[in-house]
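In: Build the 3D model from these lines:
(chains A and B)
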Amino acid sequence: GAVVSQHPSWVICKSGTSVKIECRSLDFQATTMFWYRQFPKQSLMLMATSNEGSKATYEQGVEKDKFLINHASLTLSTLTVTSAHPEDSSFYICSAERDNYGYTFGSGTRLTVV
Amino acid sequence: GEDVEQSLFLSVREGDSSVINCTYTDSSSTYLYWYKQEPGAGLQLLTYIFSNMDMKQDQRLTVLLNKKDKHLSLRIADTQTGDSAIYFCAETSDSWGKLQFGAGTQVVVTP
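Out: Residues are numbered from 1 along each chain as shown, chains lettered A, B, ... in the order given. Below is the predicted model:
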């Protein structure tokens, strides 16, 4: 199969702190992973494309310094929301593509900033 | 940018067929997907279709693609209460594999 594990599934943090979200491909190597953000009752918006061993490619309007992406290995990408504020509260989902399996999504992380 | 549009809501009776529609604008779309999202969960791939196909059937699911009209539909036969969820269609056409999603159709199955 093609399993993507995302952790944590939910997190509450204080305004001004940083939060790290992990996305792991469990049974395959993923040279490319994707990070999405979903607002309530809305579709997923691609934030960035994470490439193993190189810098992430951010979509227009996404702050690179606020949403730090690290893809240090073929099985792990992390998204760090720095100096979080209430408007960063959202549902964040990662995905990875595996040959013959298409895109597999993580279970998502619900971030609440208080 | 390219758009993917879906109707936002569908109510269907248990046992009936559901049809969810999607239109897209990118004529270079190569892969089109249907995903299911249950409350608080990630996306589950239901099925996908290549742009050189016009139909794909997988158990209770039938995908129809009208490439000329850029119209994609998902039919769920014998809809069950467990089918209540939000359904997203998505397409990709570029080499990076970025997916473009529709806004999602909330399907509510009533007894």
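
In: how about low-confidence regions in the chain?
Out: I'll assume chain A. A:1, A:99-101 (pLDDT under 70).

In: that's the other chain; I wanted chain B
Out: In chain B (pLDDT under 70), the answer is B:1-2, B:94-97.

In: how close does residue B:12 get to residue B:20?
Out: 10 Å (CB to CB, to the nearest Å). For every residue, glycine as well, the C-beta is placed using N, CA and C.

In: Within range of chain A, give me the residues from chain B.
Out: B:31, B:33, B:35, B:40-45, B:48, B:88, B:96-99, B:101-104 (CB under 8 Å from any CB of the partner chain).

In: Give me the buried subset of those.
Out: Buried residues within the residues of chain B next to chain A, defined by neighbour count using 16 or more other CB atoms under 10 Å in any protein chain shown: B:31, B:33, B:35, B:41-43, B:45, B:48, B:88, B:97-99, B:101-104.

In: Contact residues of chain A facing chain B?
Out: A:6, A:32, A:34, A:42-46, A:49, A:57, A:93, A:95, A:97, A:102-108, A:110.

In: Now a PyMOL select for only the buried ones of these.
Out: If you want just the buried ones from the residues of chain A next to chain B in PyMOL, going by 16+ other CB under 10 Å, the selection is:
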select buried, chain A and resi 6+32+34+43+44+46+49+57+93+95+97+102+103+104+105+106+107+108
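
In: For the helix or strand containing residue B:86, name the packing helices and strands.
Out: Assigned by DSSP states H and E, residue B:86 belongs to strand B:85-92. Under the contact criterion of 3 or more CB pairs under 8 Å, 6 or more residues apart in numbering or on different chains; DSSP states H and E, strand B:85-92 touches strand B:4-6, strand B:18-24, strand B:31-37, strand B:71-76, strand B:100-101, strand B:105-110.
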